[in-house]
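**Q** With the sequence up front, the predicted model follows.
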Amino acid sequence: MIPELGHFALIVALVLALTQAILPLAGAQRGNLTLMAVARPAAQGQFVFVALAFGCLAYAFLSNDFSVENVARNSFSQLPEIYRFTATWGSHEGSMLLWVMILAFWTAAVSVFSRHLPDDMVARVIGVMGLVSAGFLAFILTTSSPFTRLVPAPMDGRDMNPLLQDWGMILHPPMLYMGYVGFAVAFAFAIAALSSGKLDAAWARWSRPWTTVAWAFLSLGIGLGSWWAYRELGWGGWWFWDPTENASFMPWLAGTALIHSLAVTEKRGAFKAWTVLLAIITFSLSLLGTFLVRSGVLSSVHAFATDPARGSFILGFLAVVIGGSLMLYAWRAPKMLTGGAFTWFSREAMLLANNVVLLAALGSVLLGTLYPLFMDAMGMGKISVGPPYFNAVFVPVMAPMLFLVGVGPLARWKEASLPDMFQRLKWALAVAVVTGFLLPLTLKGFNPWATLGFALAIWILLTVLLGFRDRLKHGARLGSLPRAFWGMQLAHLGLAWGVAGITVVANYEMERDVRMNVGEFTELAGYTFTFRGATERPGPNYRAARGTVEVSKDGRRIAVVHPEKRVYNASGMPMTEAAIHPSFFRDIYVALGEPLDDQGQAWAVRVFYKPFINWLWIGALLLVAGGFLAASDRRYRIALRKLAVPSGAVARGA
Amino acid sequence: MKSRHKKLVVILLALAGLAIVAALVLNAFRSNLVFFFSPTEVHAGKAPTDRAFRIGGLVEDGSLKREADGLSVRFVVTDTAKSIPVTYKGILPDLFKEGKGVVAEGRMGSDGLFTATQVLAKHDENYMPPEAAHALEQAAKAQETVVPQ
């Protein structure tokens, strides 16, 4: 009964979504306040019903209702309870339901936190989001209902993919979707502004905190995905340039460009048309990512099923959304007034350069991701584009942007002076370059990539400090600096931190695959790894061979780690569970390969020394914290309440 | 006039920058494309000898052999029509199994032995790498067309 209730709730939600789309949009067009007033209750009602459907599915999973096909395929009676809950979104159907629920959540949030916005704007924004939601609900109901029953019901389920049974996977999908779907708000604001014709800076100010929050969630989601891959896939990498990773990275790059160009539009009124276009591009890339990952065109842990009906539905939806919004853009954008003028050396120009570089990086990732799919679809042979391409392109393209991160925030709006900037920055530049050369020498000899990475990280760090000094010199106290400024500084610092971590781990990590008998040892990076054998150990829904490896340094034992080789009961699928001994400056990472003799005495063992890898996650967390902090700046709330505040009065923020 | 000149210089610089980026991207792209060949295609001499490529198919039953060092393995990849011996040093992915689909990236030696630098994992047991499935399909098609003659 419960699954049928869930299905019914989805149908009601679809009707509400259509109501939420059609009536308010019509009302906004005709200036009919009654129709516009439908937006808020419809959006909140839609959220309630989608959440109800989600609750029904979660209940089916938690109560082991294997008569539901989705549960039977993706869960198992021995699966620990927490994973039975996360299995709710561990499948294609469930994850689409999560997508829609998060969209409904964002819409409901907009309906609550938009009291101060003009009625027609609210109606349009919620209406556009209703259209998107209706599309996805129709997709779920027609091609991917999670509530389909199985007759007869199987005795037990087939279990969740073992790779997904991990903490990272509990959090990664919801956070990632909060980001993906959050860009729908920015998109809806852009479309609302386009269709109303009111393309002033006010639009940018309303949209900005939402966009920043979505961006922060997406950053968190990507960071968690990377953390999961590092711990769970067993070969110690944290980024593989896998198409599914790229699918989430492309909206992130576009979103990063968007939050920066929104700053210019809000503060200076410039780049209006460009910002609107970026908002459309960012959300389109989110949809493209959903299509790539969910339609089964990519082979990965995310590709659950290859059902052509699903692929063509999403592709068609994608075409309608992107095509429609670009047409609207082409029609309305020429009417937009240009904003404040600026010279080629000003903060506006720097942010423009930031956007150009980010989009160039985006283009190169897009090319490497889509070209093989395109070739395949055309029947022109199968090819793959691997990490060497992305590394060769991405690093040189992003390096100038990291340099600009240092200069941009210190440059004046409208017109900055080059000699003055040089005066202010010459010491930072000199220190960054010199330490960039010296640091690799203290580590392991000269290495141009390490030099570049260190120099850029230190450059950003020093310019962040200079930014604080500038503010303090002009009479501000640390406590009185706006949160938007703190947020920017924190995010840039996180970037520097992450760059430093990537530089070290990419250039100085060490790896060894080795055959080990009980009692044998191997050395790596000054650490000695002694294999003490492997024993059988049963888990809740798997059996494991649990290895014991002693790690010592300079004759002193520092850790005993237990990497496991698991075989899952339901699927019979083997899986490597790496053991990690973390610390601030390095991770020791040990993974079991396979047993090499019949007695289980000798094993293939893989050991890694991963210096500074944790700096990457720390950097990502700072980036995320910076985003949330910036979005919580009071001026958005004040500005929202009193729309008449002249923009100059609040222009001191980031 | 002066500001117009400045603008022109900036635009030219930006264009030059974009041209450099485009050249960099396309060059890296061309030199890092990895093509896929089925064992049948490799036997027909279609695969390059001077650069890395991918092969795929099934791991032939009973073909997996360990070398004395314990870490090097040899196995045979087949598309049911033709097969290719492969050598690989390192730890095989969890889901590597005889009789199952596999994709390997590496170079072809003059002795006909494919030296893999990477053996690709699948993420799910029921899932066949699309390249491997493609190779099997091709081989099946080729055999069908041969039989009626």
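**A** On my side now, so go ahead.
**Q** rest of the way, CA atoms for contacts and neighbours
**A** Fine.
**Q** tell me the pLDDT at residue 92?
**A** Since no chain was named, I'll use chain A. With respect to pLDDT, residue A:92 scores 83.
**Q** if you could check chain B rather than the one you did, that'd help
**A** pLDDT recorded at residue B:92 is 85.
**Q** so which residue of the stretch 101-250 of chain A comes closest to chain B?
**A** Relative to chain B, the nearest point of the stretch 101-250 of chain A is residue A:161 (7.0 Å; CA to the nearest CA).
**Q** Around chain B, pick out the residues from chain A.
**A** A:161, A:163, A:299-301, A:344, A:360, A:364, A:368, A:381-386, A:388-389, A:392-393, A:397, A:513-515, A:571, A:573-576, A:593-594, A:596, A:604-606 (CA under 8 Å from any CA of the partner chain).
**Q** Now residue B:100: phi and psi?
**A** Here is the backbone geometry of residue B:100 (degrees, to the nearest 10): phi -110, psi 170.
**Q** Check the gap between it and residue B:78 for me.
**A** Applying CA to CA, to the nearest Å, the value for residue B:100 to residue B:78 is 10 Å.
**Q** Give me the common contacts of these two.
**A** Both residue B:100 and residue B:78 are contacted by B:58, B:59, under the criterion CA atoms under 8 Å, 6 or more residues apart in numbering or on different chains.
**Q** So the two - more neighbours on which side?
**A** Legend: neighbour count by other CA atoms under 10 Å in any protein chain shown for residue B:100 and residue B:78, higher for residue B:78 (27 against 19).
**Q** Verify the stated contact: the more buried one with residue B:37.
**A** No. Counting by CA atoms under 8 Å, residue B:78 sits too far from residue B:37 to count as a contact (11.7 Å).
**Q** Strands along the chain, start to end?
**A** In the absence of a named chain, this looks at chain A. A:383-385, A:510-516, A:521-524, A:527-538, A:542-553, A:556-561, A:564-568, A:574-577, A:579-582, A:586-595, A:603-611 (DSSP state E).
**Q** Hmm, no, I was thinking of chain B.
**A** B:33-37, B:53-59, B:65-66, B:72-78, B:83-89, B:101-108, B:114-120.
**Q** related to what we said a few turns ago, how confident was the prediction at the residue of the stretch 101-250 of chain A closest to chain B?
**A** 80.
**Q** Likewise for the one 3 residues further on?
**A** The confidence metric pLDDT takes the value 82 at residue A:164.
**Q** Tell me how many other residues crowd it.
**A** Residue A:164, neighbours per other CA under 10 Å, totals 18.
**Q** Spit out the contact partners of the nearest residue to it once chain neighbours are set aside.
**A** Using CA to CA, 6 or more residues apart in numbering or on different chains and skipping residues adjacent in sequence, the residue nearest residue A:164 is residue A:90, 7.5 Å away. Contacts for residue A:90 were tallied using CA under 8 Å, 6+ apart; they are A:74, A:160, A:164.
**Q** OK, now which residue of chain B is nearest to chain A?
**A** Residue of chain B nearest chain A, by CA to the nearest CA: residue B:35 (4.3 Å).
**Q** any idea how far residue B:104 is from the spatially most central residue of chain B?
**A** Ranked by distance to the mean C-alpha position of chain B (CA atoms, centre = their mean), the top residue is residue B:54 at 1.8 Å. Distance of residue B:54 to residue B:104, computed by CA to CA: 6 Å.
**Q** Show the contacting residues for residue A:358.
**A** A:253, A:254, A:256, A:257, A:398, A:401 are the contacts of residue A:358 under CA under 8 Å, 6+ apart.
**Q** so the second one touches residue A:361, yeah?
**A** No. Shown here, residue A:254 and residue A:361 do not form a contact pair, counting by CA under 8 Å, at 9.6 Å.
**Q** Against residue A:184, how distant is the nearest residue to residue A:499 once chain neighbours are set aside?
**A** Spatial nearest neighbour of residue A:499, chain neighbours left out: residue A:457 (5.9 Å); criterion: CA to CA, 6+ apart. From residue A:457 over to residue A:184 the distance is 33 Å, taken as CA to CA.
**Q** Counting neighbours, go ahead and name the busier of these two.
**A** residue A:184 (30 against 27).
**Q** low-scoring stretches of the chain, by residue?
**A** Going with chain A. Low-confidence segments of chain A (pLDDT under 70): A:295-308, A:337-339, A:638-654.
**Q** look at chain B instead
**A** Within chain B, the ranges that satisfy pLDDT under 70 run B:1-4, B:6, B:121-132, B:142-149.
**Q** Find the nearest non-adjacent residue to the residue in the stretch 301-450 of chain A positioned nearest to chain B, please.
**A** Going by CA to the nearest CA, chain B is nearest to residue A:383 of the stretch 301-450 of chain A, at 4.3 Å. Nearest residue to residue A:383, sequence neighbours excluded (CA to CA, 6+ apart): residue B:35, at 4.3 Å.
**Q** There's contact between the one you found and residue A:382 in this structure, I believe.
**A** Yes. Contact criterion CA under 8 Å: residue B:35 and residue A:382 qualify, at 6.2 Å.
**Q** so what's residue A:277 up against?
**A** Applying CA under 8 Å, 6+ apart to residue A:277 gives the contacts A:326, A:329.
**Q** Please, where are all the helices along chain B?
**A** All helices of chain B, identified by DSSP state H, fall at B:2-32, B:39-43, B:130-146.
**Q** would JSON lines of those with mean neighbour count and distance to residue A:548 be doable?
**A** Output for the helices of chain B, formatted as JSON lines (neighbours: other CA atoms under 10 Å in any protein chain shown; distance: least, CA to CA, whole Å):
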{"stretch": "helix B:2-32", "mean neighbour count": "14", "distance to residue A:548": "40"}
{"stretch": "helix B:39-43", "mean neighbour count": "20", "distance to residue A:548": "41"}
{"stretch": "helix B:130-146", "mean neighbour count": "17", "distance to residue A:548": "36"}
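**Q** For residue A:142, which of those helices is the nearest?
**A** Closest of the helices of chain B to residue A:142 is helix B:130-146, at 26.6 Å (criterion: CA to CA).
**Q** And the residue nearest to residue A:499, how far from residue A:464?
**A** From residue A:457 to residue A:464 the distance is 11 Å (CA to CA).
**Q** And residue A:276, by the same measure?
**A** Counting by CA to CA, the gap from residue A:276 to residue A:464 is 29 Å.
**Q** and what of residue A:425?
**A** Going from residue A:425 to residue A:464 by CA to CA gives 11 Å.
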